[in-house]
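*Asks:* Return atomic coordinates for the entry below.
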Amino acid sequence: MRNNAYIIAAKRTAVIPKGGAFSTIRIHELAAPVICDLLRESKISKDYVDELILSNAVGGGGNPARPTSIASKLPKHIGGYTIDRQCTGGLDAIWLAAQMIQSGTHDIIIAGGSESASCRPIRMATDHNTGKSIAYDRPIFTGIKNRDPNMLDSIAKISCALNISKEDQEAWAINSHKKALHADFKNEIVNLNNQPKDTFTRKLNKNICERAPILKGNITSATTAVDSDAAAFCLIVSEKIAKKYPNAVKIVYGISSAGTPDAPALATIDAVRKILKMTKIRIDSLTAIEIMEAYSAQAIIAANEFKFNREFINIGGGALARGHAIGASGAILAVRLFHELQKAGGNGLATIAAAGGLGSALILSSLRPR
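*Replies:* Take a look at the predicted model:
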């Protein structure tokens, strides 16, 4: 019989825009305080941790989960496991941890993501004709000639094709900031470098949106999440341990999917459709829904496709009101979902898309009734 996996604690740093208060803090230094706080709050000894899984997208490689494990003073045998699935990685790390728990080989895993846009290294490639090194901004996401657009070009094209207006995108962004301004994050944010809250959140309004520069098509800087620094992790345990924690949230199921390579914004649709079918969970049973807001249009596409109750979407605001810390963003969704389910009970859904046409979704279920 398959073991069940549960989240018993979920924490994150504040999300700080690139060049801000976290600008000199490296990936493992962002992550370690969050991990230590998870264990402190749950009263679990570091000696009992079986594995650490860390998502990172724009760092320099070298398995940053290992220095994170050392900085967190986890047992020396925890080598750490780093994954790179771009934006979906933080959510995928949590589902991977759940599968390890379900297999019966692990009892306690820390999983999530850490990202520093500020400390992002310069990437170099060799020009084989000249032998010179040339800086490049991003790796290949699809490998298909003329079908490997950057995310901005892709969302601008899809937004136009689906008739998602600039006004609708601005209204979504304004609402995201409004919800974030009224949210209480004190139980989920670990105060690092004297930053107890997300600093980008503001009183966004129509006038500000109208003055925001157009980046491409009808996508503006107000309807695009800013590059940011942050870390977020969940403490995932087996059922025998979860029984001691009345606030535990069950990891019902996860999906790591992929769709049309050059239309990543549509990948969430495939992931959500698959996970709802697999779990047979009804949309009207969802009390909290976390949709990644890399762009307003991206979130609107998913909300419209499934006719989600917008009252339950990104209850504490989304990435438009905080920022997008690529490798950590999926884990931030899971942290937010965990804390919303503490209040709402019932079932919750998190979903995110990534470059290359990737899409991931996770369903959590509170042990307490709705």
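*Asks:* Please count neighbours and contacts with C-alpha atoms only from this point.
*Replies:* Fine.
*Asks:* Quick check: phi and psi at E167.
*Replies:* Dihedral pair for E167: phi -60, psi -40, per degrees, to the nearest 10.
*Asks:* Which helix or strand contains the spatially most central residue of the chain?
*Replies:* When Cα atoms, centre = their mean is applied to the chain, the residue found nearest the centroid is G330 (1.5 Å). Using DSSP states H and E, G330 falls within helix 326-344.
*Asks:* Pull the residues that contact the helix or strand just after that helix.
*Replies:* Next along the chain after helix 326-344, taking DSSP H and E as the criterion, comes strand 347-354. For strand 347-354, contacts defined as Cα atoms under 8 Å, 6 or more residues apart in numbering pick out 85-88, 91, 264-268, 271-272, 285-292, 330, 333-334, 337, 341, 359-366.
*Asks:* try 6 Å
*Replies:* Identification of contacts with strand 347-354 by Cα atoms under 6 Å, 6 or more residues apart in numbering yields 87-88, 264, 267-268, 286-292, 359-365.
*Asks:* quick revisit: which positions in the helix holding G330 come out as buried?
*Replies:* Across helix 326-344, burial judged by 16 or more other Cα atoms under 10 Å covers 326-342, 344.
*Asks:* now, which of the contacts of strand 347-354 lie within helices?
*Replies:* A267, T268 (DSSP state H).
*Asks:* Please narrow the contacts of strand 347-354 to those residing in strands.
*Replies:* Residues of the contacts of strand 347-354 located in strands (DSSP state E): 286-291, 359-365.
*Asks:* Just the buried residues out of those residues, in ChimeraX syntax.
*Replies:* Buried residues within the ones in strands among the contacts of strand 347-354, by 16+ other Cα under 10 Å, are selected in ChimeraX with:
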select :286,287,288,289,290,291,359,360,361,362,363,364,365
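*Asks:* Let me know the closest of the ones in strands among the contacts of strand 347-354 to A9.
*Replies:* Minimum distance to A9 across the ones in strands among the contacts of strand 347-354 is 13.0 Å, recorded for L364 (Cα to Cα).
*Asks:* Go ahead and confirm the closest one touches A248.
*Replies:* No. Using Cα atoms under 6 Å, L364 is not in contact with A248; the gap is 10.1 Å.
*Asks:* G59: neighbour count?
*Replies:* 22 (other Cα atoms under 10 Å).
*Asks:* ok, now which ones touch it?
*Replies:* Listed by Cα under 6 Å, 6+ apart, the contact partners of G59 are R120.
*Asks:* try H177
*Replies:* Applying Cα under 6 Å, 6+ apart to H177 gives the contacts T201, G317, A321.
*Asks:* Quick one: residues in contact with the helix holding G330.
*Replies:* 10, 55-57, 86-91, 112-115, 231-232, 290.
*Asks:* Sitting in helices, which of those residues do you find?
*Replies:* Taking DSSP H as the definition of helices, the contacts of helix 326-344 contribute G89, G90, L91.
*Asks:* JSON lines for the residues you listed, including distance to K186, pLDDT and neighbour count?
*Replies:* Below are the ones in helices among the contacts of helix 326-344 laid out as JSON lines (distance: Cα to Cα, whole Å; pLDDT from 0 to 100; neighbours: other Cα atoms under 10 Å):
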{"residue": "G89", "distance to K186": "25", "pLDDT": "97", "neighbour count": "33"}
{"residue": "G90", "distance to K186": "21", "pLDDT": "97", "neighbour count": "37"}
{"residue": "L91", "distance to K186": "22", "pLDDT": "98", "neighbour count": "33"}
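*Asks:* Just name the closest of those to A31, please.
*Replies:* G90 (12.4 Å).
*Asks:* Let me see the contact set for the closest one.
*Replies:* Residues in contact with G90 (Cα under 6 Å, 6+ apart) are S55, G112, G113, G327, A328, G330, A331.
*Asks:* now do 8 Å
*Replies:* Going by Cα under 8 Å, 6+ apart, G90 touches L54, S55, N56, A111, G112, G113, G327, A328, S329, G330, A331, I332.
*Asks:* Kindly report the same for Y6.
*Replies:* Listed by Cα under 8 Å, 6+ apart, the contact set of Y6 reads A98, I236, V237, S238, E239, A242, A248, V249, K250, I251.
*Asks:* out of these, who's nearest I70?
*Replies:* Lowest distance from I70 to those (Cα to Cα) belongs to I236, with 19.4 Å.
*Asks:* The closest one: how many residues sit nearby?
*Replies:* 31.
*Asks:* Equivalent analysis for S103, please.
*Replies:* Neighbourhood size, S103 [other Cα under 10 Å]: 16.
*Asks:* ditto for N191
*Replies:* Residues contacting N191 under the criterion other Cα under 10 Å number 15.
*Asks:* If we go by neighbour counts, what in stretch 14-25 is buried?
*Replies:* For stretch 14-25, by 16+ other Cα under 10 Å, it's A14, V15, I16, P17, K18, A21, F22, S23, I25.
*Asks:* Would you report which members of these are assigned to strands?
*Replies:* I16, P17.
*Asks:* Dump the buried residues of stretch 14-25 to a markdown table, plus pLDDT.
*Replies:* What follows is those, written out as a markdown table (pLDDT from 0 to 100):
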| residue | pLDDT |
| --- | --- |
| A14 | 98 |
| V15 | 98 |
| I16 | 98 |
| P17 | 98 |
| K18 | 97 |
| A21 | 97 |
| F22 | 98 |
| S23 | 97 |
| I25 | 97 |
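*Asks:* That's all I had, so thanks and see you.
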